[in-house]
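Engineer: Take this sequence and fold it.
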Amino acid sequence: MLKKKYFYPKYPSDLIRIGDNSDGGYIFNKKIIFKIHSCLSFGLGDNFSFEKELKKINSKIKIHIFDHTVNYKFWIRHFFYWLWKSIRYRKYLKFLNFVNYNLFFNFNNNVHYKYRIGTKNHSLTKIINKLNLDPQNTLLKIDIDGDEYKIIDEIKKFSFLGLIIEFENSCINLKKIEKFIKDNKKLVLIHIHANNFSTVIEKIPNSIELSFINKKFIKKKKINKNNYPIKNLDYPNNIMKKDVKLFFKEQ
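Structural biologist: Now for the predicted structure:
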């Protein structure tokens, strides 16, 4: 089980789901969305519904996405597979994602950088400096399939407005995640969800999605009585499987 003092959200109020009801959606605080000037998003894949909906809610947000795996080879490889499925199943329209991708990044003042995060030339610090971002009005979103461990020590150097991060291989990195939560004095955990594409070992999910906000936005703490996942807010990443119920222990 997960240790309650680290993983049980401290401030669970005013939550909103941003993105679709599957692997592309994440939970954040709806009251501070309009305080966001920039969204620095690490990890794109074929689902960027979070970034699209975030932009719809607050059109002034400048979105910077970093993902070296999404290129023309990626789209060519996936397009024909999705097209075949659309012909077979008719209602399967995922082949239009390439069109949506081009519309989102070519006409909406959003930028996709094809760089791998965590390398010497593309550390979190260098990216923030190069883009001239102010962390205090920046939402940082991370879903980079294990590379998050390369930059977690950098994150605590900055006072981000908010953070959404998915930790892969959490069973073998649980101590690192606990230390990350403990060391980030400026960030407060507001939500947790398990990605059900991964396994669960001894009631510990091997992939965990965590949402934080800067503690300056917390006016008063409320007693959290939620069970996780939260009904009508959380949805399984893999829609073919049940969502993962989370269990917490005191010590």
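Engineer: mean confidence score for the strand or helix carrying Phe28?
Structural biologist: Taking DSSP states H and E as the criterion, Phe28 maps to strand 26-29. Confidence over strand 26-29 (mean pLDDT, whole number) is 97.
Engineer: after it comes which helix or strand?
Structural biologist: Strand 26-29 is succeeded, C-terminally, by strand 38-42 (DSSP H and E).
Engineer: Can you tell me the strand partners of that following strand and which way each runs?
Structural biologist: Strand 38-42 has its sheet partners listed here by DSSP bridges as strand 62-66 (parallel), strand 138-142 (parallel).
Engineer: average pLDDT for it?
Structural biologist: 97.
Engineer: C-terminal to it, which secondary structure element comes first?
Structural biologist: helix 49-57.
Engineer: buried stuff in that following helix?
Structural biologist: Residues Ser49, Phe50, Glu51, Lys52, Glu53, Leu54, Lys55 are the ones in helix 49-57 that count as buried (16 or more other C-beta atoms under 10 Å). Placement of C-beta: from N, CA and C, glycine included.
Engineer: That helix versus strand 38-42: what angle between them?
Structural biologist: Here helix 49-57 runs at an angle of 170 degrees relative to strand 38-42 (axes from the mean of the first three to the mean of the last three C-alpha atoms, to 10 degrees).
Engineer: And the strands in this structure, which stretches?
Structural biologist: Counting by DSSP state E, the chain has strands at residues 2-3, 15-18, 26-29, 38-42, 62-66, 111-113, 138-142, 162-168, 187-194, 200-201, 204-205, 207-214, 248-249.
Engineer: what's the third one in contact with?
Structural biologist: Just to be clear, that refers to strand 26-29. 13-19, 50, 139, 141, 162, 164, 190-191, 193, 209, 211, 213, 217, 233-234 (C-beta atoms under 8 Å, 6 or more residues apart in numbering).
Engineer: What strands line up against that strand, and which way round?
Structural biologist: Its sheet considered, strand 26-29 pairs with strand 15-18 (antiparallel) by DSSP bridges.
Engineer: buried set for the partner strand?
Structural biologist: Leu15, Arg17, Ile18.
Engineer: next one: stretch 212-228
Structural biologist: Phe212, Ile213, Asn214, Phe217, Tyr228.
Engineer: just so I know, which of the strands of the chain lies nearest Lys175?
Structural biologist: strand 2-3 (10.4 Å; C-beta to C-beta).
Engineer: Output the lowest mean pLDDT helix or strand found in the protein.
Structural biologist: helix 72-89 (a mean of 63; mean pLDDT, DSSP states H and E).
Engineer: Quick one: end-to-end distance for stretch 146-166.
Structural biologist: Using C-alpha to C-alpha, to the nearest Å, one end of stretch 146-166 lies 9 Å from the other.
Engineer: so where is the stretch 1-150 of the chain shaky, pLDDT-wise?
Structural biologist: 75-97 (pLDDT under 70).
Engineer: where do the helices sit along the stretch 151-251 of the chain?
Structural biologist: 152-155, 174-183 (DSSP state H, counting those that start in this stretch).
Engineer: quick one: the last one to strand 162-168, angle?
Structural biologist: Pointing back at helix 174-183 there. 170 degrees.
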